[in-house]
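S.K.: Starting from these lines, generate the structure:
(chains A and B)
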Amino acid sequence: MTPTPAVEFVGVHKAFGEFHAAEDLHFKIAEGCIHAIVGENGAGKSTSMKLLFGFYRPDKGHIKVRGAVAKFQSPADAMTCGIGMVHQHFMLAETHSALDNILLFEKNTSAFQKLNRKEHKERLQNLAAEYQFHIDWDSPIGQLSVGTQQRIELLKILSQNSKIIILDEPTAVLTPLEIVDLFRNLQKLKKEGRTIIIITHKLKEVMNNADSVTVLRGGRVVANSSIHQTSIEQLAEHMVGRKLKNLDSHPRLKVSDQKSILKISRLNVQNKFSALKNLSLELKSGEILGIAGVEGNGQDELIQSLLSPRSLKLKGQIEINSISSVRLSTARIRSLGFSAFPEDRLRYGVLTSRPAYENFILGYQRSREYSQFGFLRFKNIFKKTAAAMESFDIRPRQIEKSVGSMSGGNQQKLVVARELQTNPQIILAAKPTRGVDIGAVEFIHEQLLNSRNSGAAVLLVSSELEELMTLADRILVLFKGQLVAEFDRKNGYNEIAIGSAMGGHT
Amino acid sequence: MTEILLPLISLLLATLRMATPMIFASMGGLLSERAGVVNIALEGFMLVGAFTAAVIAFYTHSAWLAAFVALGVGAFVGALYALFVIEFKGDQIVTGTAINILTVGAMPFFTKILFNSTGSTPSIPLEDRFNFEPIVLALLLVASLTYWFYQTYSGLWVQFAGEHPEALASAGINVRKVRWVSVILSGGLASIGGASLSTFLASSYSPLMTSGRGFMALAALIFGRWKPLQTCAACLFFGLTDALQMRLQGVQVAGFEVPVQFIQILPYFVTVIAVAGFFGKSESPKALGKVYE
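M.R.: Got it, this is the predicted structure:
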């Protein structure tokens, strides 16, 4: 007889209006293992876990927890049943101390009961010591590192003694070293007999740490397997529904006359939170230069000083094709052959409520091609947009469709198509594949490599090591506003060395 | 010695008197805003309280009963506000403004029915009014609110309702319920503030007698960074400028008499300076003004 699984989905359906987020889900998660739920954006990973955690109730089918059918009305019910969840966006109030944030979750309390901070602090300190967590209990959460915040979320769950722990994209915001730390802790929790469920799209982490995996695509289960019987390639194929190309073997042409096209010397920026200190770099045509770093180490300031230098107080020099750009307007800088994929595309990249064709000409609306005597030349615009949607495989292929109704991958492809339409000399790609499905990631990476091969210079700002190592010819590591290390493709990339540099250990 | 001491003591007492209505109202505002609901209806709540208390004190000759009824009526208007902004998800600024205008417009209607006049209510005799009690009550309120806010579970709930409602909900607490209770209490407290105007500072209700004190309470709240003790201190500061304003009327500067109207601007002018952030930036609760689904 097989042991009762910790969690079992039995024919679970969930629809939001017309959209079927989960269809006929069947899978089991064994007790005391690390189970990964993988899939693209919108594949139903989060929906399935929110069903388990009581956020939603299934339309059809049911979920069994340790053999018994669970009928959760709310997350609080799920917590009572010993299920805890670490959300992607932490459920912590930044202005409050770690202690108060955890006290909020104390069970069996009445409204006017006094908060017994001293006693609880002692108890939590002991619990934290068990896992070797060092936590400042009294400072506001906002002052603590993201890694620490995640540990506080874990302690919140552990202090309830939950047996099933769900983590939603737990590594998205961590430094490489913090990721190693997290998985060490998860292994420890597993040894204690707890069941860990991680939602992720990072297949390498799945292969290295999980015991079993469920792959979702389009709201359905496409594979269920133990980790020994699968591989990264196989999982990726299940996720996307087709075989992926290996970009490592993509040709890298040696561009003959590599001239320096972007030169930053001794750039200093002082902003509200972070700053750039004495940053110098040179970007040549026909190369992809990667800027690695954990979010908030000066990337935003670097991007801003390139695109809209007037909005910052900066010292130092930036030259695009030997023209100093620090006093120029954004429009002027872009006209120098500078294109950019913004990191936060919903805020800076597209107008979600406007149709695809308007988004496609955004920033180029004054060009002769698209307007004449102050009137838009719709015939041209429609023709160009339709052609770009065809060649970049942007779906659905409707130029009238509002961008907000497209998937993240297709939105980003539209941005890429727009920015590459003028054959720019410099491409600033800030996290170009954030929130984009693997199929689109592959496509966008390919486009960047093609642009490089045809002589463009690419500045790739990213925190994803894999992306950087796949694409970049050189990698510079940005830490606390300074470039602390340089790695060259010719010498082979050392993942651990780059990772430590990102954490400030050089 | 007494020549300096006496005016100082009388200034101090005047400060406390002038600050009292604002302390009640700002503590009400604090509850509502820390729970995540913007409350510019404080002015309206105060006006309701001032009117209700004046009428009840006039008929029953009991200031205490008047304050008590004002609390109830204020809570009722607060509930009305809660209904519109929490359940019907109305815009909080627009709804708050509507409540303010509604109360201004409704009062003459009631005075007409009760006293056949659209102006003030009849004067309340001295022995039926408060002497000093509202001051003590206001200070007690600040102390107990501070304790409750920071030392009890429900105090923590209110704070999280305004900072991170999703976290509160995931702890199994009903966010909307917390906000409802906070807004109702807010109405009640601001209304008592109004009652202290008509039955303590003045001797009757007169139209528009709050003269912006609800908004000044709101300013004190921002100035005090949404914290009870600091907000109370801000109220006392505004009370001081109000008290000074009364003392300074008729003062001569270099042979000229400064016009009364000019001196009466003082408290409002100070308010503008204080709220404009000349004394450091004030951080509002994160979820303030955001509808919780």
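S.K.: low-scoring stretches of the chain, by residue?
M.R.: Went with chain A since none was named. In the predicted model, chain A carries pLDDT under 70 at residues A:1, A:255-257, A:272-274.
S.K.: To clarify, I was referring to chain B.
M.R.: Looking at chain B by pLDDT under 70, you get B:1, B:277-282.
S.K.: Tell me which stretches of it form strands.
M.R.: For chain B, the strands defined by DSSP state E occupy B:252-253, B:256-257.
S.K.: Same check on the stretch 51-200 of chain A?
M.R.: Using DSSP state E, counting those that start in this stretch, the strands of the stretch 51-200 of chain A run over A:60-65, A:68-70, A:83-86, A:164-168, A:195-200.
S.K.: I'd guessed A:His238 sits against A:Val215; true?
M.R.: Yes - contact criterion CB atoms under 8 Å: A:His238 and A:Val215 qualify, at 4.2 Å. For the C-beta atoms, the positions are set from N, CA and C on the backbone; glycine is no exception.
S.K.: Could you report the separation of the most far-flung residue of chain B relative to its centre from A:Lys64?
M.R.: The C-alpha centroid of chain B is most remote from B:Gly255, which lies 38.6 Å away (CA atoms, centre = their mean). Look at B:Gly255 and A:Lys64: by CB to CB, to the nearest Å, they are 91 Å apart.
S.K.: next one: A:Asp138
M.R.: For A:Asp138, the distance to A:Lys64 (CB to CB) stands at 42 Å.
S.K.: Over to A:Val326?
M.R.: Separation of A:Val326 from A:Lys64 (CB to CB) stands at 63 Å.
S.K.: next one: B:Gln249
M.R.: Distance from B:Gln249 to A:Lys64, by CB to CB: 78 Å.
S.K.: picking up where we left off before, so which of the strands of the stretch 51-200 of chain A comes closest to chain B?
M.R.: For the strands of the stretch 51-200 of chain A, the distance to chain B is smallest for strand A:83-86, at 8.1 Å, taking CB to the nearest CB.
S.K.: Go ahead and confirm A:Glu495 touches A:Leu465.
M.R.: Yes - in terms of CB under 8 Å, A:Glu495 counts as a neighbour of A:Leu465; the distance is 6.0 Å.
S.K.: residues shared between the contacts of these two?
M.R.: A:Pro176 (CB atoms under 8 Å, 6 or more residues apart in numbering or on different chains).
S.K.: How about the residues of the stretch 101-250 of chain B by chain A?
M.R.: For the stretch 101-250 of chain B, the contact set with chain A under CB under 8 Å from any CB of the partner chain comprises B:148, B:151-157, B:159-160, B:163-164, B:166-172.
S.K.: try it again with 10 Å
M.R.: With CB under 10 Å from any CB of the partner chain as the criterion, the stretch 101-250 of chain B meets chain A at residues B:147-148, B:150-157, B:159-160, B:162-174, B:178, B:181, B:226.
S.K.: To what extent is residue 111 buried, counted in neighbours?
M.R.: Since no chain was named, I'll use chain A. A:Ala111: 14 surrounding residues under other CB atoms under 10 Å in any protein chain shown.
S.K.: oops, I was thinking of chain B
M.R.: Using other CB under 10 Å, B:Thr111 has 22 neighbouring residues.
S.K.: do the one 5 residues further on as well
M.R.: Counted with other CB under 10 Å, residues neighbouring B:Asn116 total 7.
S.K.: Show me where chain B has its helices.
M.R.: Under the criterion DSSP state H, chain B carries helices at the ranges B:2-34, B:42-60, B:63-82, B:92-115, B:133-151, B:153-163, B:165-170, B:175-196, B:213-223, B:228-248, B:260-264, B:266-275.
S.K.: tell me the angle the first one makes with helix B:228-248.
M.R.: Pointing back at helix B:2-34 there. Using axes from the mean of the first three to the mean of the last three CA atoms, to 10 degrees, one finds that helix B:2-34 and helix B:228-248 are set 140 degrees apart in direction.
S.K.: The residue in chain B that chain A sits nearest to: neighbour count?
M.R.: The minimum distance from chain B to chain A, using CB to the nearest CB, falls at B:Gly172 (2.8 Å). B:Gly172: 16 surrounding residues under other CB under 10 Å.
S.K.: Against B:Leu229, how distant is it?
M.R.: Distance, B:Gly172 to B:Leu229, by CB to CB: 31 Å.
S.K.: Please compare A:Asp138 and A:Lys64 by neighbour count and tell me which comes out ahead.
M.R.: For A:Asp138 and A:Lys64, the more surrounded residue by other CB under 10 Å is A:Lys64, and the numbers stand at 16 against 11.
S.K.: quick one, what contacts the residue lying closest to the more buried one once chain neighbours are set aside?
M.R.: Excluding the flanking residues, the one nearest A:Lys64 by CB to CB, 6 or more residues apart in numbering or on different chains is A:Glu8, at 4.2 Å. In this structure, A:Glu8 makes contact with A:26-30, A:62-67, A:69-70, judged by CB atoms under 10 Å, 6 or more residues apart in numbering or on different chains.
S.K.: Secondary structure class of A:Gly455, three-state.
M.R.: coil (DSSP: H, G, I helix; E, B strand; the rest coil).
S.K.: Can you report how many residues lie near it?
M.R.: The burial count for A:Gly455: 18, using other CB under 10 Å.
S.K.: Quick check, it in contact with A:Asn423.
M.R.: Yes - the pair A:Gly455 and A:Asn423 qualifies as a contact (CB atoms under 10 Å) at a distance of 9.1 Å.
S.K.: Quick check on A:Val461: phi, psi?
M.R.: Dihedral pair for A:Val461: phi -100, psi 120, per degrees, to the nearest 10.
S.K.: got a list of what it touches?
M.R.: A:Val461 touches A:289-293, A:299-300, A:302-303, A:306, A:341, A:343, A:428-432, A:468, A:478, counting by CB under 10 Å, 6+ apart.
S.K.: from those, which ones fall inside strands?
M.R.: Short answer: these in strands (DSSP E) are A:289-292, A:341, A:428-430, A:478.
S.K.: so which two of those residues are the farthest from each other?
M.R.: A:Phe341 and A:Leu478 (18.1 Å; CB to CB).
S.K.: So for A:Glu495 and A:Leu465, which sits in the more crowded spot?
M.R.: Neighbours were counted for A:Glu495 and for A:Leu465 using other CB under 10 Å; A:Leu465 has more, 20 against 13.
S.K.: Look up phi and psi at the more buried one.
M.R.: Backbone dihedrals for A:Leu465, given as degrees, to the nearest 10, come out at phi -60, psi -40.
S.K.: With respect to A:Glu390, which of the strands of the stretch 51-200 of chain A lies nearest?
M.R.: strand A:195-200 (33.1 Å).
S.K.: In PDB, please show the C-alpha coordinates belonging to the closest one.
M.R.: The C-alpha trace of strand A:195-200 is given here as PDB (Å, rounded to 0.1, in the frame of the first residue of the first chain):
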ATOM      1  CA  THR A 195       6.400  18.900   2.700                       C
ATOM      2  CA  ILE A 196       7.700  21.700   0.600                       C
ATOM      3  CA  ILE A 197       6.100  22.900  -2.600                       C
ATOM      4  CA  ILE A 198       7.900  25.500  -4.700                       C
ATOM      5  CA  ILE A 199       6.400  27.300  -7.600                       C
ATOM      6  CA  THR A 200       9.100  28.300 -10.100                       C
END
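S.K.: In its sheet, which strands sit next to it, and in what direction?
M.R.: Strand A:195-200 sits in its sheet next to strand A:34-39 (parallel), strand A:164-168 (parallel), going by DSSP bridges.
S.K.: so that strand versus strand A:60-65, what angle?
M.R.: Strand A:195-200 and strand A:60-65 are oriented at 130 degrees to each other (the same axes, to 10 degrees).
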